[in-house]
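> My questions concern the predicted model and sequence given below.
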Amino acid sequence: MQLNIFGQTFDYRNDRSELEAMFQKIFSMIDEADRQLSHLVIDGVEVYDDFETYVEERIDFIRTIDVVAVTMEEYIRDVFQTMHAYLARALPEIESIIDAFYQAPSEDTWLRFEQMLEGIQWINQALYWLAEHQEDRIVHQTFVRIRENLAESLRQLLQAVEADDTILIGDLIQYEIKPLLKDIMEHVKVNVVN
């Protein structure tokens, strides 16, 4: 298989024993170039996470791996744009989840609730990363505060789930989680526009 990175091509055997060396090459070249790994394009498929597993599962068939690395500024902008796109889709969906919890939540409601929590977990990780890479102290502190509030709301939400109190779950999403996500959206909009 061919690894293409920064205009250079390296050949590796389609063998699991080659993977460690290949990923070391990728990460060392990215570090030397002072870039961030955005994603890999593996035989035309964009892969944004869990690269090692994706490659390992398809090791026998992979022909090309193209590394997409960006500057820190580009990476930060991409994170903000991804978060903005997610929140724009998620906020209307959260309204229907809230309504469902005030009724009798179905199996589908619980599935959408789980998906919402996965999205919130991603947002939490993204906020942590953005706070750590933020030069503006006020923005850093804002993200830290939002994450702390989000963690507390999620702790309360977990207690409501354990108690099987669907009305409280709806209330917490309505009055705690949704306002925090709207607050995050406002901060994200500023950075997407700029």
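Perfect, thanks for sending it. Numbering: from 1, shown residues only.

> Show me the shaky parts of the protein.
Along the chain, the model assigns pLDDT under 70 to residues 193-194.

> Tell me how it divides into domains.
Split into domains by automatic domain parsing, the chain comes to 2-70, 73-193.

> Just send those domains back as a markdown table, with mean neighbour count too.
No exception for glycine: its C-beta is placed from N, CA and C like everyone else's. Shown next, in a markdown table, are the domains of the chain (neighbours: other C-beta atoms under 10 Å):
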| stretch | mean neighbour count |
| --- | --- |
| domain 2-70 | 14 |
| domain 73-193 | 15 |
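
> residues contacting the most centrally placed residue in the chain?
In the chain, the C-alpha closest to the average C-alpha coordinate belongs to Trp122, at a distance of 4.0 Å (C-alpha atoms, centre = their mean). Trp122 is in contact with Tyr86, counting by C-beta atoms under 8 Å, 6 or more residues apart in numbering.

> Remind me which helix or strand it belongs to.
helix 107-132 (DSSP states H and E).

> gap between the longest helix anywhere in the chain and the chain center?
In terms of residue count, the longest helix belonging to the chain (DSSP state H) is helix 72-102. Chain-centre distance of helix 72-102: 10 Å, with C-alpha atoms, centre = their mean, to the nearest Å.

> on contacts alone, who are the packing partners of it?
The contact analysis (3 or more C-beta pairs under 8 Å, 6 or more residues apart in numbering; DSSP states H and E) places helix 72-102 against strand 36-42, helix 107-132, helix 166-172, helix 178-193.

> CSV for those, including distance to Ser153?
As requested, those are arranged in CSV below (distance: least, C-beta to C-beta, whole Å):
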stretch, distance to Ser153
strand 36-42, 30
helix 107-132, 9
helix 166-172, 6
helix 178-193, 6
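
> Might you report the residue contacts of the residue nearest to Val144 when sequence neighbours are not counted?
Ranked by C-beta to C-beta, 6 or more residues apart in numbering and with sequence neighbours excluded, the top spatial neighbour of Val144 is Ala131, at 5.4 Å. The neighbourhood of Ala131, defined by C-beta under 8 Å, 6+ apart, consists of 139-140, 143-144, 147.

> rerun at 10 Å
Contacts for Ala131 were tallied using C-beta atoms under 10 Å, 6 or more residues apart in numbering; they are 139-147.

> Tell me the one among these nearest to Ile177.
Of all the contacts of Ala131, Ile177 sits closest to Ile146, with 11.7 Å by C-beta to C-beta.

> Quick check: Ala69 is in a strand.
Yes. Ala69 sits within a strand when classified using DSSP: H, G, I helix; E, B strand; the rest coil.

> Could you measure from it over to Val55?
The span separating Ala69 from Val55 equals 17 Å under the rule C-beta to C-beta, to the nearest Å.
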